[in-house]
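# Got a sequence here, can you build the structure:
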Amino acid sequence: MSAFPSLFPLFAILLWAGNVMVSRLSAHTIDPFAITFWRLVLAVLVMSTFVLRGAWRNRAAIKAHWPKLALLGFLAMALFQCLSYQAAHTTTATNMAIMTALVPLLTMLWSVLLLGESPTLGMLAGGLMSFGGLVYLITAGHPLLLVSGGVHTGDLLMLAAALSYALYGVLLRRWQTGLPSWQSTYIQAVCAMAFMLIVVLRLPPDAALPNRASLPLIAYAGVLASVVLPFFWMQGVKLLGPNRCAIFMNLLPVVTAVIAAGWFGEAVHAYHLAGGSVALAGVILAQCWQKPFAARYSATA
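Take a look at the predicted model:
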């Protein structure tokens, strides 16, 4: 029974890995802006069945916070998704997952900048480790390529996506709206959908509309990744706490690499193992070594 709560974040990670596969499959199937919009349409429709009534009753509180919810929705459900789908054109599923797994570390860094939290020794040491591992990974084991411009655009886009999602996490914690989690997620999705509608209306009709090949991808992204996955993750946070759940993010690259090897035939090279392992070790170090840096600095000054 003690292992039961861990199943919630574990299932969430499995669904997240599947969503990375959807991103790769969508690269040559549907426009990144279009799939972002249609997955939001489907997610909003599904969530409306069990959230809309409560959200309407709570409309006064929602109205007071809607600008913040709109920005949160833009960061996590519009910008992050668009960048991820665009990145899938020029990088591998394994690289995408490793970049995403850096979100907990990036969240800590944003917290220092925006919330004034004191950096920890683990954050500093882990940040350096993760940066070194990331450089080794995205340059395929040749760090000097970073100087000569040989890095894949998709890797940089995915890093930008991870930064966007980490910023979302920090702002979500800073702006305590007091709204129920599902109502907050629902309004964020509605706002993100409205923003993406403006973007999609500027696309040619053949690019804006889904086709037969993209419908299963939209279904997975809109229902499993946008509704079922958050449910599992929220339950995990409720039962285990946010810090213990965040550790499960380190499983995402492993699960994704296994699926991608069988599905896309992506080979796992030595630089994946070396760079990815160092980057993830840095994340774990930052999560576990919580001794404040300021206290250490004062003691040695």
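# and the residue nearest to residue 6 when sequence neighbours are not counted, what does it touch?
Distances taken as C-beta to C-beta, 6 or more residues apart in numbering put residue 240 closest to residue 6, at 7.0 Å, once the chain neighbours are dropped. Every C-beta, even on glycine, is put in place using the N, C-alpha and C of the backbone. Going by C-beta atoms under 8 Å, 6 or more residues apart in numbering, residue 240 touches 5, 6, 8, 9.
# Highest neighbour count among the residues you listed?
Neighbour counts for those (other C-beta atoms under 10 Å) peak at residue 9, which has 24 neighbours.
# what's that residue in contact with, if anything?
By C-beta under 8 Å, 6+ apart, the neighbours of residue 9 are 232, 233, 236, 240, 245, 248.
# you'd agree residue 165 is up against residue 77?
No - using C-beta atoms under 8 Å, residue 165 makes no contact with residue 77, being 9.9 Å away.
# Between these two, point out the one with more neighbours.
residue 77 (26 against 22).
# Low-confidence stretches in the stretch 151-300 of the chain?
Where the stretch 151-300 of the chain drops to pLDDT under 70, the residues are 151, 293-300.
# Which stretches in it count as strands?
For the stretch 151-300 of the chain, strands defined by DSSP state E, counting those that start in this stretch do not occur.
# quick one, helices of it?
153-174, 181-200, 205-208, 215-219, 229-240, 242-247, 252-263, 270-288, 293-300 (DSSP state H, counting those that start in this stretch).
# Let me know the angle separating whichever strand or helix holds residue 7 from helix 153-174.
For residue 7, the element it lies in under DSSP states H and E is helix 7-26. Taking axes from the mean of the first three to the mean of the last three C-alpha atoms, to 10 degrees, one finds that helix 7-26 is oriented at 140 degrees with respect to helix 153-174.
# Spatially nearest residue to residue 117, not counting backbone neighbours?
residue 111 is the one closest to residue 117 (C-beta to C-beta, 6+ apart), at 4.5 Å.
# Which of the helices or strands spans that neighbour?
helix 103-114.
# Show the subsequent helix or strand relative to that helix.
Next element after helix 103-114 (DSSP H and E): helix 121-138.
# For that next one, name the packing helices and strands.
If you count contacts as 3 or more C-beta pairs under 8 Å, 6 or more residues apart in numbering; DSSP states H and E, helix 121-138 packs onto helix 93-101, helix 103-114, helix 153-174, helix 270-288, helix 293-300.
# Out of the ones you listed, which is the most enclosed?
Counting by mean count of other C-beta atoms under 10 Å, helix 93-101 has the highest mean neighbour count of the helices and strands packed on helix 121-138, with a mean of 27.
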